[in-house]
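1. give me coordinates for this.
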Amino acid sequence: MTSYPSPSSYANHILVASPSHVVRQRVLDSLRSPSRRFKQASGGAEALVDLESGFWQVLFLDRDLPDLNAEELSATVRQRYPGIEVVLLDPESESGPRSARESENLLSKIWAAVSLDNIDNNVNDAHAGSDTHQHNENGSAESEALAVGRAAQSILEVPLPGMIGNSKIMRPVYRLARLLAPRTTSVLITGPTGCGKEIVARAIHHLSPRAGRAFAVVNCAAIPETLLEAELFGYARGAFTGAMQSYAGRIQAAQGGTLFLDEIGEMPLSLQPKLLRFLEQKELQRLGSAEVVRVDARVVSATNARLLVLVREGKFREDLYYRLCGFPIEIPPLRDRSEDIAELAVHLLEKLAAGLPLPQLSDAALQLLKSHRWDGNIRELQNVIERGFILSENQSEDRPVIRPEHLLLADTSVRYAG
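-> A predicted model of the protein is given here:
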C-alpha cells in the first residue's frame, strides 16, 4: 500500500523551476522559513521528475523555460497534480516576489486556496481513489488518467534543441534525453554516422544544470593514439620532448560541465584502464606529474560501433563499457525517419538561403528524397540538398523549384532517370 506523508509535512514543500539562479534564489530568499522545505529545478523536465518523486504544495514556474512550454507544463501539472498550486513567474523584472511582504501575501493566498483541510482531503481521496479507479464502471477515471499521462508525455517528447523532426520513432529519444538531462548519469549514445549523436549530446548538456559550464569534445578517432592520452589527461611542463608548458587536458577543461567522448569505440585499449579510473574515482594525473586532480564532469559518449561486439572480441573493456553505458540512447537512421524528411530538407534549405530566394521542393523531388536509403544519414541529405539548391539558382522563376534532376543521390538505382 502506498505511504503518504502527513498533511503538515506536505503543506510546506515548495518547488521552484527556473533556468535563472537569480530568479530561484529570489523566491527562496523571500519565502525562506524553518518550517518550509524547498527544492530547485533548472528546467521543466527536471521539475517533472521532482514532481513524480516527491510531494509538493506549490510550484513556482518560470515562464521562460529552456526546454518546455511553461503554459503547457502548468496545465499538465494542474491536471495531474490537482493538489499543487502553480504560480507562473515572468522572466523579466517581475520574475518572482520582490519583497518578503509581497511574497508572504502571495503565499498566504496560496495557503488559503490549498488549506491543510483540503490537503488532508486530497490525501484521503488519493487513498480511496486507488481502489475507486479500479472499480469505476464507466471508466472515466481511467480515461482522465490516460489523457493526463499523454499530455505530460507530449511535453517531454517535443524535439530537442537543435533537433528537427517529430516522427514517432524519434519521440522516445527526445523523452529519454529530457529525463536524463537533470541527472549525472553517464549516457552512451549509439547510432550510425551522421544521424545527429553530437546534437543529442549537446541538447542533454544544454537542458542540464551544467548548461552554463563547458561542453568539452574529444573525438577519439581523430586524434592519433600517441597524442590522445596527453590530449585527454593533460601533461606537466617537461613531461616529454616539446612539452614547453603545462596543459590541463580536455577532461579537466570539462570541470563542472560535460565531457563528450565521440567515437568512443576507437579508444585505444591501452588507454581504457586510465579512463576507467577517472570514471570511477573522478580524479586524474597529468603526464609527468604526481599531483592528483579531482574533476567533476558528466560523461556522455557516442559511437557508431557495437561496443558489446568489441567487448566479445577483446577490443573494449567490459567494465569500461558498463561505466560508460549508465543509460543508453539509440538514434535511429534517417531511412527510418521518412516522416521527417520534408521538415529536415526545408530547414537545410533555409540555412543555405540566408536571405536569398528560398527554393521550393517539387512533389516529385520530395518523393525521391523519401524513397532514398540515406546510408550517409543527415550528412548525406545535407550534401544532396546543397547541390539541389545550387542547381536551382539558374532558374528564372521568382521562387526557384528543386526538381528530381537537381538531386544527385549516391544509389543510382533510385536516381531520377527522366
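2. and the contacts of the host helix or strand of Arg202?
-> Remark: Arg202 resides in helix 197-206, with elements defined by DSSP states H and E. Judged by C-beta atoms under 8 Å, 6 or more residues apart in numbering, the contacts made with helix 197-206 from elsewhere in the structure are 66, 160-163, 173, 177, 180-181, 187, 189-191, 211, 215, 217, 257-258, 260, 262, 298, 300, 302, 304, 329, 331. To be clear about C-beta, it is placed using only N, CA and C from the backbone, and glycine gets the same treatment.
3. roughly how far apart are the residue nearest the centre of the chain and Gly234?
-> Taking C-alpha atoms, centre = their mean as the criterion, Ile204 is the residue nearest the geometric centre of the chain, at 3.2 Å. If you measure Ile204 against Gly234 using C-beta to C-beta, to the nearest Å, the figure is 25 Å.
4. next: Asp363.
-> For Asp363, the distance to Gly234 - C-beta to C-beta - is 55 Å.
5. in terms of neighbours, single out the busier of these two.
-> More neighbours sit around Gly234 than around the other of Asp363 and Gly234, counting by other C-beta atoms under 10 Å; the figures are 23 against 9.
6. leaving out the residues flanking it, which one is nearest to that one?
-> Of all residues not flanking Gly234 in the chain, Gly249 sits nearest, at 2.8 Å (C-beta to C-beta, 6 or more residues apart in numbering).
7. need the contact list for the one you found.
-> Gly249 sits in contact with 230-235, 284, 286, where contact means C-beta under 8 Å, 6+ apart.
8. kindly reformat the residues you listed as TSV containing pLDDT, secondary structure and distance to Leu61.
-> Written out in TSV, the entries for the contacts of Gly249 read as follows (pLDDT from 0 to 100; DSSP: H, G, I helix; E, B strand; the rest coil; distance: C-beta to C-beta, whole Å):
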residue	pLDDT	secondary structure	distance to Leu61
Ala230	89	helix	46
Glu231	90	helix	42
Leu232	93	helix	40
Phe233	91	helix	42
Gly234	86	coil	42
Tyr235	83	strand	47
Leu284	89	strand	39
Arg286	82	coil	44
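9. among those residues, which one sits closest to Lys168?
-> Leu232 (38.4 Å; C-beta to C-beta).
10. so what's the residue count around that closest one?
-> For Leu232, the count of nearby residues is 24 (other C-beta under 10 Å).
11. my guess is it contacts Ala253, does it?
-> No: look at Leu232 against Ala253 with C-beta atoms under 8 Å: they stay out of range, at 10.1 Å.
12. just the strands in the stretch 51-200 of the chain please.
-> With strands called from DSSP state E, counting those that start in this stretch, the stretch 51-200 of the chain shows them at 58-62, 85-89, 187-190.
13. who does the shortest one pair with, and is each partner parallel or antiparallel?
-> Paired neighbours of strand 187-190 in the sheet (DSSP bridges): strand 298-303 (parallel), strand 327-330 (parallel).
14. can you give me the buried ones in the shortest one?
-> By neighbour count, with 16 or more other C-beta atoms under 10 Å as the criterion, the buried positions of strand 327-330 are Ile329.
15. and if you look at stretch 369-389?
-> Within stretch 369-389, the residues that qualify as buried by neighbour count (16+ other C-beta under 10 Å) are 369-370, 372, 374, 376-378, 380-382, 384-385, 388-389.
16. what's the closest of those residues to Arg78?
-> Using C-beta to C-beta as the measure, the one of those that approaches Arg78 most closely is Ile378, at 38.1 Å.
17. so which helix or strand takes in the closest one?
-> Assigned by DSSP H and E, Ile378 belongs to helix 377-392.
18. do the same with Leu15
-> Using DSSP H and E, Leu15 maps to strand 13-17.
19. run the chain-centre distance for that strand.
-> Going by C-alpha atoms, centre = their mean, to the nearest Å, the spacing between the C-alpha centre of strand 13-17 and its chain's C-alpha centre is 22 Å.
20. return the list of strands paired to it, each annotated with direction.
-> Sheet neighbours of strand 13-17, with direction, are listed as strand 37-41 (parallel), strand 58-62 (parallel) (DSSP bridges).
21. tilt between the last one and strand 85-89?
-> Counting by axes from the mean of the first three to the mean of the last three C-alpha atoms, to 10 degrees, strand 58-62 lies at 20 degrees to strand 85-89.
22. buried residues, strand 58-62. List them.
-> Of the residues in strand 58-62, those buried (16+ other C-beta under 10 Å) are 58-62.
23. next: the first one.
-> Within strand 37-41, the residues scored as buried using 16+ other C-beta under 10 Å are 38-41.
24. just send those residues back as JSON lines, with distance to Val200 and pLDDT too.
-> Below are those laid out as JSON lines (distance: C-beta to C-beta, whole Å; pLDDT from 0 to 100):
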{"residue": "Phe38", "distance to Val200": "32", "pLDDT": "84"}
{"residue": "Lys39", "distance to Val200": "27", "pLDDT": "87"}
{"residue": "Gln40", "distance to Val200": "25", "pLDDT": "90"}
{"residue": "Ala41", "distance to Val200": "21", "pLDDT": "90"}
